[in-house]
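Q: turn this into a structure:
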Amino acid sequence: MDGEGNMTDLGTLIADDTALDLEAWTDARTFLLNCPDRLVRIAGKVTANEPLTGAERKYLCKWRQREQKTLIAG
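A: Model (predicted):
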């Protein structure tokens, strides 16, 4: 900003703290594209605070364990 409080050219290029984190959004979207539909539906239920069935909990647990092994190995 200049001395009068007007936005300068450089000021228009600085990222806004409240702006969408496109990199994180793209990573999450890319991750979901590679997930099975069943896992995406389970994630939707968890987000909506809906209870999971026993089979859904077991499936989610297996996926979490699989991803943890991937993180540790990587």
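
Q: helices of this protein, start to end?
A: 9-13, 22-33, 37-47, 54-73 (DSSP state H).

Q: which of the helices and strands in the chain ranks last by mean pLDDT?
A: Lowest mean confidence among the helices and strands of the chain (mean pLDDT, DSSP states H and E): helix 9-13, at a mean of 57.

Q: mean pLDDT lowest where, among the helices of the chain?
A: Mean pLDDT is lowest for helix 9-13 among the helices of the chain, at a mean of 57.

Q: and G54, what does it touch?
A: Counting by Cβ atoms under 8 Å, 6 or more residues apart in numbering, G54 makes contact with nothing. Yep, even glycine has a C-beta here, placed from its N, CA and C like the rest.

Q: gap between it and C35?
A: 21 Å (Cβ to Cβ, to the nearest Å).

Q: next: E50.
A: Distance from E50 to C35, by Cβ to Cβ: 18 Å.

Q: which of the two has more neighbours?
A: C35 (13 against 10; other Cβ atoms under 10 Å).

Q: please name the residues that touch the more buried one.
A: Neighbour list for C35: A43 [criterion: Cβ under 8 Å, 6+ apart].

Q: for it, what are phi and psi?
A: Dihedral angles phi and psi of C35 (degrees, to the nearest 10) take the values phi -90, psi 150.

Q: list the contacts of V46.
A: V46 is in contact with L52, L60, counting by Cβ under 8 Å, 6+ apart.

Q: run the last query once more with 10 Å
A: L52, E56, L60 (Cβ atoms under 10 Å, 6 or more residues apart in numbering).

Q: measure it to E4 for me?
A: Counting by Cβ to Cβ - V46 and E4 are separated by 50 Å.

Q: how near is I42 to I72?
A: When I42 is compared with I72 (using Cβ to Cβ), they lie 23 Å apart.

Q: so for these two, which sits in the more crowded spot?
A: I42 (21 against 7).
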